[in-house]
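Chemist: sequence unknown, structure follows:
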Ligand code: MEV
């Protein structure tokens with residue numbers, strides 16, 4: 001076996017972990033060690049906190065934390081915290097926020113907050129018997145889970161429904177308990193999974209012992225798995241902007257408002273029926289959504305997984321946003337299934353996430369759903385507006401140029417001159433390096 005393998009890595013001290021990795025995987029172990037240690041937090045307590053969020057930690061991975069100000073959502077102005085490494089995303093969100101500030105701002109409403117979980121099981125009994133005693137089973141399921149659900153019930157949440165689904169046509173002997181939850185201001189993943197695992201045990205015992213199942217072969221349930229579903233189509237938020245077409249105003253490339261509106265509408269429509277465009281269109285939405293989800297320490301993988309399934313809910317992957325122009329009114333909106341929390345998880349443990357939430361006025365989960373959907377819509381608006389007017393590269397290249405200048409160690413004066421010089425010119429690493437070399 002190669003010496004690059006190891007057992008017991010997790011038990012090494014952090015310096016020993018760094019040492020082992022540096023020696024095994026780097027040309028210059030000292031340099032790698034120094035670089036990894038450079039990002040350790042000087043405050044030991046903060047570092048211990050961060051290390052506690054994961055395992056086998058070597059260092060921290062810094063990401064820029066910024067804000068998009070001037071976001072008016074349902075009449076209230078927010079500065080929206082964003083964690084993202086892609087240049088021009090925060091600038092685009094800020095620009096769209098400012099643009100809509102003068103046109104009534106963003107509007108949003110929560111259409112539902114239902115979360116879901118499933119107990120998947122295999123059983124060869126008579127399903128009509130199970131259906132007959134399903135009421136009794138439900139009572140036992142809820143009774144057994146009461147110690148887990150009591151607290152959530154006090155907060156107004158808990159289990160809201162339990163259904164038995166028969167999938168034996170798709171897969172022999174396969175059934176499912178499909179369970180709905182209300183988890184209030186928490187995302188609820190731990191709560192849901194604990195309830196489901198408890199339900200699985202009760203189900204197993206109920207079928208093994210209930211007298212209606214008289215045949216031994218009917219008493220045997222195989223629990224396949226118990227887990228929440230990240231697809232929550234009824235935990236849904238809508239965000240929209242609207243204004244008379246003539247209020248859209250002239251655009252930076254001189255495109256009149258009515259033409260802009262029609263081009264914009266068409267661009268959004270293309271993303272409805274063309275999955276290639278839909279994927280990129282939705283990626284623009286997630287530039288905004290993920291940045292706020294990260295800044296508030298929510299689960300971006302869960303959000304992405306659920307929203308992409310939603311985008312494909314009729315069998316084809318489609319745009320998540322829509323645009324209409326009717327009776328002279330431009331309307332642009334977005335529906336997103338967002339399972340978020342503003343309590344629990346890392347929301348209050350992560351020091352910067354805690355600040356993010358405070359900056360947003362310590363929102364409820366529903367308010368955060370509306371803020372995040374509005375940010376996604378703003379991002380989408382800014383991207384499509386650029387695409388149908390100036391093109392995306394003008395803005396991107398400015399940021400790209402700034403990054404290259406930074407990388408090449410340009411002074412502030414050099415950077416200013418370079419910005420002027422490259423206006424309207426193609427930017428690449430080589431052209432900027434050559435320009436700097438020639439001007440030095
Ligand atoms: C780039 O990060 C996002 C865009 O490609 C989105 C879009 O094309 O709508 C600009």
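Modeler: Right, received. Where do you want to start? Computed from a prediction, not measured in an experiment: that's the story for all the values here. Numbering: from 1, shown residues only.
Chemist: What count of nearby residues applies to residue 167?
Modeler: Neighbour count for residue 167, taken as other CB atoms under 10 Å: 12. (Glycine included, C-beta is placed from N, CA and C.)
Chemist: oh sorry, the question was meant for residue 384
Modeler: Here the count is done by other CB under 10 Å, and residue 384 has 23 residues near it.
Chemist: and what of residue 53?
Modeler: When neighbours are counted by other CB under 10 Å, residue 53 registers 11.
Chemist: same check, this time on residue 62
Modeler: Neighbours of residue 62 under the rule other CB under 10 Å: 8.
Chemist: if I pick it, what's in contact with it?
Modeler: Residue 62 makes contact with residue 39, according to CB atoms under 8 Å, 6 or more residues apart in numbering.
Chemist: for residue 161, same thing?
Modeler: With contacts defined as CB under 8 Å, 6+ apart, the neighbours of residue 161 are 179-180.
Chemist: Can you name the residue of this protein nearest the ligand?
Modeler: Evaluated by CB to the nearest ligand atom, the chain has residue 284 as its residue closest to the ligand, separated by 2.8 Å.
Chemist: Skip the chain neighbours and tell me the closest residue to residue 351.
Modeler: residue 46 (6.8 Å; CB to CB, 6 or more residues apart in numbering).
Chemist: got a pLDDT number for that neighbour?
Modeler: What the model reports as pLDDT for residue 46 is 95.
Chemist: where does the stretch 101-250 of the chain dip in pLDDT?
Modeler: Under the criterion pLDDT under 70, no range of the stretch 101-250 of the chain is flagged.
Chemist: which residue is nearest the centroid of this protein?
Modeler: The centre of the chain sits closest to residue 300, judged by CA atoms, centre = their mean, with a distance of 3.2 Å.
Chemist: My read is that that residue contacts residue 291, right?
Modeler: No. Distance between residue 300 and residue 291: 9.2 Å, which falls outside the contact criterion (CB atoms under 8 Å).
Chemist: ok, back up a step: for the residue nearest to the centre of the chain, give me its contacts.
Modeler: For residue 300, the contact set (CB under 8 Å, 6+ apart) comprises 290, 293-294.
Chemist: again, but for residue 82
Modeler: With CB under 8 Å, 6+ apart as the criterion, the residues that contact residue 82 are 65-68, 89-90, 93, 288, 291-292, 295, 375.
Chemist: and what of residue 96?
Modeler: 378-379, 381-382, 385.
Chemist: cool, residue 142 as well?
Modeler: Residue 142 makes contacts with 149, 159, as judged by CB under 8 Å, 6+ apart.
Chemist: Give me the next element, helix or strand, following the helix or strand harbouring residue 207.
Modeler: Assessed by DSSP states H and E, residue 207 sits inside helix 189-209. Tracing the chain past helix 189-209, the next element assigned as helix or strand by DSSP H and E is strand 221-229.
Chemist: circling back: any chance of the contacts of residue 300 in CSV, with pLDDT, secondary structure and neighbour count too?
Modeler: As requested, the contacts of residue 300 are exported to CSV (pLDDT from 0 to 100; DSSP: H, G, I helix; E, B strand; the rest coil; neighbours: other CB atoms under 10 Å):
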residue, pLDDT, secondary structure, neighbour count
290, 98, helix, 25
293, 98, helix, 25
294, 98, helix, 21
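Chemist: Show me which residues of the protein are close to the ligand?
Modeler: Listed as neighbours of the ligand in the chain under the rule CB under 6 Å from any ligand atom: 86, 280-281, 283-284, 287, 383-384, 387, 392.
Chemist: Would you mind listing which of the residues you listed are buried?
Modeler: The neighbour count (16 or more other CB atoms under 10 Å) marks 281, 284, 287, 383-384, 387, 392 as buried among these.
Chemist: between the residues you listed, which is nearest residue 411?
Modeler: Residue 411 has its nearest neighbour among those in residue 392, at 29.0 Å by CB to CB.
Chemist: Relative to residue 355, how far out is the closest one?
Modeler: With distances defined as CB to CB, to the nearest Å, the gap from residue 392 to residue 355 amounts to 31 Å.
Chemist: just to revisit the earlier point, relative to residue 267, how far out is the residue nearest to residue 351?
Modeler: According to CB to CB, residue 46 and residue 267 sit 45 Å apart.
Chemist: Show me which of those two is the more surrounded one.
Modeler: Set side by side, residue 46 and residue 267 show more neighbours around residue 267, with 18 against 13, by other CB under 10 Å.
Chemist: Return the set of buried residues in stretch 202-219.
Modeler: Along stretch 202-219, the positions that meet the burial threshold by neighbour count (16+ other CB under 10 Å) are 202-204, 206-207, 210, 213, 218.
Chemist: mind listing the helices for the stretch 251-400 of the chain?
Modeler: Counting by DSSP state H, counting those that start in this stretch, the stretch 251-400 of the chain forms helices over residues 257-273, 275-295, 300-311, 351-359, 365-388, 393-407, given from the N-terminal end onward.
Chemist: check which helix or strand covers the closest residue to residue 64 other than its chain neighbours.
Modeler: Spatial nearest neighbour of residue 64, chain neighbours left out: residue 85 (6.5 Å); criterion: CB to CB, 6+ apart. Counting by DSSP H and E, residue 85 is held by no secondary-structure element, helix or strand.
Chemist: Tell me if I'm right that residue 85 and residue 65 touch.
Modeler: No. In this structure, residue 85 sits apart from residue 65 without contact. The criterion is CB under 8 Å, and the distance is 10.8 Å.
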